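Participant: the sequence and its predicted three-dimensional model are supplied below.
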Amino acid sequence: MGTACTCQAPVPVQIDKGATILSSKDAGQIILSWTQLADFGDIKELALHFFEQLFETYPYMEKYFEFTGGKHNPSKKTFKMAVHSLVVMRRMGTFVGYIEHRPLLVSLMEKLARSHIKKGVKCEDMEKFTGVFTTFLVGKVGKPYAQKDVKEAWERFFSSFLKVYSIIEEETGTFWI
């Protein structure tokens, strides 16, 4: 990870907060799949399993999480890891809860992006994170015949989030050396 250089003060992101992010069908797929995930089992355990999958897929991402100490050990589930993974899942649930309230959803996306950009998380890393999350979620919910629609809906949702993320990254003048 390089050193963050903020060349200008952050300015509010200029995004049409009234714009449609998702179709009604996509929103329905996301809400239903999230409900199914919540019904699938203990959300704390699911959250831990997601982070294990993330670190197995992209081990370098451990550097972004203080609870790993830079070296994730799947057999050692720390309290800090459990708390953070649960916070991530709850935040996703908040996004889903406001999926039909576009202005608030975009504002939540913006807030998340700003906090993670400050921590040095680049848009391409967030894209990998959302890809693993989509794969994880689709693998846990839905009937096989519906998984394609669920996957595509989440991909479109995260595409909107990544657009917000990249706009903020560009507007803050953050670059990596």
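Facilitator: Structure received.
Participant: please enumerate the helices of the protein.
Facilitator: Ranges of helices in the chain, per DSSP state H, are 24-40, 43-57, 79-97, 102-118, 123-140, 147-171.
Participant: packing partners of the last one?
Facilitator: Pointing back at helix 147-171 there. helix 24-40, helix 102-118, helix 123-140 (3 or more Cβ pairs under 8 Å, 6 or more residues apart in numbering; DSSP states H and E). For glycine as for every other residue, the C-beta is placed from the backbone atoms N, C-alpha and C.
Participant: just the pLDDT at the spatially most central residue of the chain, thanks.
Facilitator: By Cα atoms, centre = their mean, the mean C-alpha position of the chain lies nearest to Thr130, the distance being 5.0 Å. The score at Thr130 is 96. That number is its pLDDT.
Participant: so it versus Phe158, what's the distance?
Facilitator: 4 Å (Cβ to Cβ, to the nearest Å).
Participant: related to what we said a few turns ago, save the helices of the chain as JSON lines, and put in distance to Lys63 too.
Facilitator: Listed next are the helices of the chain as JSON lines, based on distance: least, Cβ to Cβ, whole Å:
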{"stretch": "helix 24-40", "distance to Lys63": "27"}
{"stretch": "helix 43-57", "distance to Lys63": "11"}
{"stretch": "helix 79-97", "distance to Lys63": "14"}
{"stretch": "helix 102-118", "distance to Lys63": "13"}
{"stretch": "helix 123-140", "distance to Lys63": "10"}
{"stretch": "helix 147-171", "distance to Lys63": "18"}
